[in-house]
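> Whatever this is, show me its structure:
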Amino acid sequence: MALREPIKKISIIIPVYNEEKTLAEILKKIDKLSFGEIRKEIIVIDDASKDSTPNILKNYSEQKGFKVLRNSKNLGKTRTVKRGVLLSTGDVVVTQDADLEYEPEDLRVMLDKFIKDDLDVVYGNRFGSKLKNKGPNYLGNKFVTFFSNIFTSLRGFTVPDMETCYKMIRGDVSRNISKTIESKDNFSIEPEVTAKLSQYRVNDRKLRVGIVDIYYYPRTSAEGKHLKALQDGVKAFLAIIKFNLRFKLKDFTFLLKKLLNDRSLLLLILICILMFLINYKMHPAKPSYDGITRGGWFAWCDQRNYLQIATDLSNFTLNRRFLYGLGYPVLAAPFIRLYPKDPFLIPNLSIFVISISLIFCVMRKYLKSGKYAFLGALLLIFATPLLDSMIVPWNSTVNVISFAIILYFYFKPKLNYLAWIIIAFCFAWIFSARYVDIVFIAPMLLFLLIKQSANFKSFVLKSLLFCFSFIIFIAPILFVHHRCFGSIFKTPYIYHTTEDNVSDQDLSRYSLEIVPDSLRTVFFGDRNYDIWKFRPLFREAPIFILCPLSLVYLLKRKRLDLLMIVFCMVLSFIFYASFGGFNGGSLQFGCLHYVKMWFPPLVLFTMFSIKEFLQKT
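Predicted coordinates for the structure are as follows:
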């Protein structure tokens, strides 16, 4: 594919500082380098060298194709390169170090790919098939690149060698980015340029990026290498964070514009907010201490403890043996003073809206139909107990949004580094709220790792990334366990048997014998209590009747991805149905809260079966 405007000139920027040993040879190679009919513009900038570099450059100052400049004082590589790029006039711009670590002949290969594939950027990969000697900084370079890719991959921009000098960039793009360069130290320019290339848009289009393996002959510090591994590595990490995490006003307006253009999603969000507030107002239980028969949910054991933990967290005084995980109460801590009547209201409303929106997006992409996805989202709101259990504070609310995020990535064909870190965060969040629930979705994680891995090495690397991220995220929770319970391996549930008379939380009280009776009560019994009486089957019948039918389609079509979710869901239902409180207190106000994270996939199965049936008929 040819570029709309043919390349007529390539600009090669060469920053120089005390390179008397290698300068003459590299300039000779660049001078002999031919790009056919494409002209060369060679800009050499001496960054106030103190050796014989200025004398060597005198021989080229009058030579055709060369522009030789000198900084009045030492400005560093970043500002020297920036000056050269802004002075360039080429259709393509690339930087060439003055040492002999890079082979200029590779520039021809890169330019050929640039033209042939109609690219905007070509990165030279030092650590590909042409690598002969890894050098002393190999692992450092790979780790810094990996860290950079975590951020840039979110924007679809991933490279194998972020720190490479050979970045061949469209001239107008290179000059526009150079105008915004802020880095001043010597080795922050590469992270900044990579971050800004990942964010750059040409007529709302991401830049097209190519990779070419190049030769690399690493020098040591004894041979004149200016890199200070630890010091410059820290600077690179800080630059990666600084230039990738900026959220500009235009980014916000872009997201807002995208949301406003998605009328179905916008309408669904408005329905979610409206239904939540109406049900919150009409709900027979209230955020008060009035006692269980009058519906004051903060008089209940769970909710009273959530509120106490949130209050302790808001005062930074969590120094007692709390009874539940911190992952849910921490959400209410900022609202203790803003809305003390019910600090869980805003977190619950936000989680409900975001979860429904995510599930809608998942169904729309998986079912390839906006209509079926919208109908599924409405079923989730009106035909399941999800909304009921989101109004009353329950720590299982964390499971809903975490599992919705996991589902969002679960059906994606390819996941980047950041996606795995987000999945690890969701697992850690579920762990911090309801420790045992990560067991039920662990098989999905294993299935996802296998599906996303091309080989065993890829499987191991993704597993290590997940495990490392998970440990980092749960570290604060384990620290609190150590502080409050004396050991990182002790959880709040250990003390349920001795505090607050909630001994039925003890795992020893679980029994498989009561599973059939519990499930019968859940799906066919009445919620017949003092302040709220209704028959659940009437409202929930569309889901619980159609879902078993959808399993026939899943088995027939051999949809392993959905069947894995079914397997995990069955494990969860059996476990909690063996708990005596499953058909008692958990249903007191229509709350199947123990298993409410499974309502979204139940709706997905239902819509899948409906779509399959209607298409065949």
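> How about the secondary structure of the residue nearest to T80 when sequence neighbours are not counted?
Once flanking residues are discounted, T80 sits nearest to P15: 4.2 Å by Cβ to Cβ, 6 or more residues apart in numbering. In this view, the C-beta of every residue, glycine as well, is placed from N, C-alpha and C. Look at P15: counting by DSSP: H, G, I helix; E, B strand; the rest coil, its state is strand.
> who touches P15 in this structure?
By Cβ atoms under 8 Å, 6 or more residues apart in numbering, P15 lies in contact with 45, 47, 77, 80-81, 84, 95, 97-98.
> Quick one: mean pLDDT for stretch 372-379?
Averaged across stretch 372-379, pLDDT comes to 89.
> Kindly report the same for stretch 475-492.
Here the average pLDDT along stretch 475-492 is 79.
> Show me what counts as buried in it.
477, 480-481, 484-485, 491-492 (16 or more other Cβ atoms under 10 Å).
> Take those residues and keep only those in helices.
Residues from the buried residues of stretch 475-492 lying in helices, with DSSP state H as the criterion: 477, 480-481, 484-485.
> which residues touch R175?
Here R175 is in contact with 85-86, 88, 93 (Cβ under 8 Å, 6+ apart).
> From V92, how far out is it?
11 Å (Cβ to Cβ, to the nearest Å).
> burial measure for D31, as a count.
Applying other Cβ atoms under 10 Å, we find 16 residues neighbouring D31.
> Among the contacts of R175, find me the one that's closest to L554.
V93 (53.7 Å; Cβ to Cβ).
> and that closest one, what pLDDT?
Confidence for V93, expressed as pLDDT, is 96.
> Assign it to helix, strand or coil.
Going by three-state DSSP: V93 is strand.
> sec struct for the closest residue to it other than its chain neighbours, please.
Among residues not flanking V93 along the chain, S174 sits closest, at 4.1 Å (Cβ to Cβ, 6+ apart). Classification of S174 using three-state DSSP returns helix.
> From R559, how far out is S174?
Separation of S174 from R559 (Cβ to Cβ): 47 Å.
> Check F599 too.
19 Å.
> Who has more neighbours out of those two?
Shown here are F599 and R559; by other Cβ under 10 Å, F599 has more neighbours (25 against 16).
> Next, the buried residues of the strand or helix carrying the more buried one.
Using DSSP states H and E, F599 sits within helix 599-616. Buried residues in helix 599-616, defined by neighbour count with 16+ other Cβ under 10 Å: 599-612.
> swap in stretch 52-72?
Across stretch 52-72, burial judged by 16+ other Cβ under 10 Å covers 53-54, 56-57, 60, 66-69, 71.
> Stretch 267-278: how far from the chain's middle?
Averaging C-alpha positions (Cα atoms, centre = their mean, to the nearest Å) puts stretch 267-278 27 Å from its chain's average.
> If you could redo that for stretch 112-129, that was the one I meant.
Worked out by Cα atoms, centre = their mean, stretch 112-129 lies 27 Å from the chain centre.
> which of the buried residues of stretch 52-72 has the weakest pLDDT?
Y60 (81).
> and that one, what does it touch?
Y60 touches 27, 44, 66, 68, counting by Cβ under 8 Å, 6+ apart.
> Those residues in strands, which ones?
Within those, residues falling in strands by DSSP state E are 44, 66, 68.
> now, which of those residues sits nearest F575?
V44 (70.2 Å).
> any weak-confidence spans in the stretch 251-400 of the chain?
251-256, 258, 290-295, 319-322 (pLDDT under 70).
> still on that earlier bit, redo the ones in helices among the buried residues of stretch 475-492 as a markdown table? Include distance to G296.
Shown next, in a markdown table, are those (distance: Cβ to Cβ, whole Å):
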| residue | distance to G296 |
| --- | --- |
| I477 | 30 |
| V480 | 29 |
| H481 | 31 |
| C484 | 28 |
| F485 | 30 |
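> List just the nearest of those to A239.
Scanning those for proximity to A239, where the rule is Cβ to Cβ, the winner is I477, at 30.8 Å.
> Need the nearest residue in space to that closest one, chain neighbours excluded.
S432 (4.8 Å).
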